[in-house]
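Peer 1: quick one: sequence plus predicted model below, questions after.
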Amino acid sequence: MRRVGVIGAGKIGGSLLRRLAESGDFELAVSDVHPEQLERFRGYERVRSFSSNRELAEASEIVIVAVKPWDVAGVLEEISPAMGPSSGRSVTSVAAGVEIKSIESRLPEGTPVLRVMPNVCASVGLGAAVITANEPGRRVLPEVMDIFGRVGEVMELPERLFDAATALHGSGPAYVALFADALVQAGVREGLPREVARRLVVGTLAGTAVLLKERSAHQVRDEVMTPGGTTAAAFVAMEKAGFVGAVYDGVNAATRRARELGG
Ligand SMILES: NC(=O)C1=CN([C@@H]2O[C@H](COP(=O)(O)OP(=O)(O)OC[C@H]3O[C@@H](n4cnc5c(N)ncnc54)[C@H](O)[C@@H]3O)[C@@H](O)[C@H]2O)C=CC1
Ligand SMILES: O=C(O)[C@@H]1CCC=N1
């Protein structure tokens with residue numbers, strides 16, 4: 001059974017751990033600086049808790065670093081003595097912006113290093129993730145893809161596109177939530193009871209997501225938009241207010257911020 005260790009039991013690390021624990025296919029380990037984060041895994045079979053990141057790394061083959069970008073360097077310093085090509089261990093980071101070359105520079109030469117950008121939909125098993133690896137990391141790529149595949153779809157992507165993917169789908173659920181909230185408020189403004197508006201919006205988002213798996217966004221739009229009807233009227237007003245431009249600008253700002261976090 002593969003030994004997988006997760007450093008940082010927060011939103012991403014915690015979601016991944018829960019799914020992996022439920023599968024029963026892995027020997028798991030978790031470490032966190034906050035004991036209350038570890039508490040949450042106390043009842044889980046096959047999840048060992050560590051307060052030391054170094055000890056977690058020594059007990060694992062695949063080490064997943066799920067701390068905030070600015071905490072990654074400190075974590076790598078701690079686990080570095082357990083790494084190196086002959087250790088049989090690899091490091092996978094999910095941190096926004098932090099490049100493979102920066103991770104490599106803090107670990108012994110030849111350590112397999114991978115980068116994954118998941119999103120919070122992993123917590124319900126519907127995440128999308130992109131993955132890339134350095135040369136030594138390609139050996140463990142299928143296994144790490146299998147691990148993240150347990151919480152959603154995983155695609156290989158060149159590292160130069162990671163900041164864009166981070167901006168698009170790493171942050172993406174928050175944009176959809178912003179839009180959902182605006183829709184609910186708009187419904188309330190038009191006189192709908194808040195709970196009715198909320199349920200209608202959630203149903204619309206869930207149903208549209210299924211439709212978009214089957215056909216293009218343009219096809220869905222055209223199916224809804226009656227010539228001279230309500231949807232066309234809404235599109236004119238939304239476009240005048242700069243809706244699409246605002247989306248472009250938002251994703252562009254997030255891409256630039258991911259680059260800054262790496263630097
Ligand atoms: N939240 C999201 O939707 C996404 C987050 N990410 C990336 O995932 C990483 C984690 O993000 P979240 O899960 O949102 O953060 P979080 O704050 O929920 O979890 C981070 C965890 O790391 C722990 N921690 C901090 N310093 C530590 C250390 N030195 N050693 C061990 N544990 C330590 C914290 O106590 C916390 O439990 C970030 O780098 C972020 O860029 C990537 C995609 C989506
Ligand atoms: O907002 C952030 O920086 C992180 C990375 C992608 C989603 N959440």
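Peer 2: Cool, the structure landed. Ligands and ions are numbered 1, 2, ... in the order given.
Peer 1: quick one: furthest residue from the center of the chain?
Peer 2: Here the chain reaches farthest from its C-alpha mean at residue 228, the gap being 40.5 Å by C-alpha atoms, centre = their mean.
Peer 1: quick one: the helices in the stretch 1-150 of the chain?
Peer 2: Ranges of helices in the stretch 1-150 of the chain, per DSSP state H, counting those that start in this stretch, are 11-23, 35-39, 53-58, 72-79, 100-104, 141-149.
Peer 1: right, and these - which one's nearest ligand 2?
Peer 2: helix 11-23 (8.4 Å; C-beta to the nearest ligand atom). Using the backbone N, CA and C atoms, a C-beta is placed for each residue, glycine as well.
Peer 1: packing partners of the closest one?
Peer 2: Contact partners of helix 11-23 among helices and strands, from 3 or more C-beta pairs under 8 Å, 6 or more residues apart in numbering; DSSP states H and E: strand 2-7, strand 26-31, helix 141-149.
Peer 1: ok, and what's touching that helix?
Peer 2: Contacts to helix 11-23, defined as C-beta atoms under 8 Å, 6 or more residues apart in numbering, come from residues 4, 6-7, 9, 26, 28, 30, 32, 37, 40-41, 44-47, 64, 66-67, 94, 118, 120, 122-123, 125, 147-148, 150-151.
Peer 1: now for residue 116, how many residues are close by?
Peer 2: If you count neighbours by other C-beta atoms under 10 Å, residue 116 ends up with 24.
Peer 1: so it touches residue 133, yeah?
Peer 2: No: the pair residue 116 / residue 133 is not scored as a contact, 9.5 Å apart, by C-beta atoms under 8 Å.
Peer 1: shared neighbours of these two, anything?
Peer 2: residue 144.
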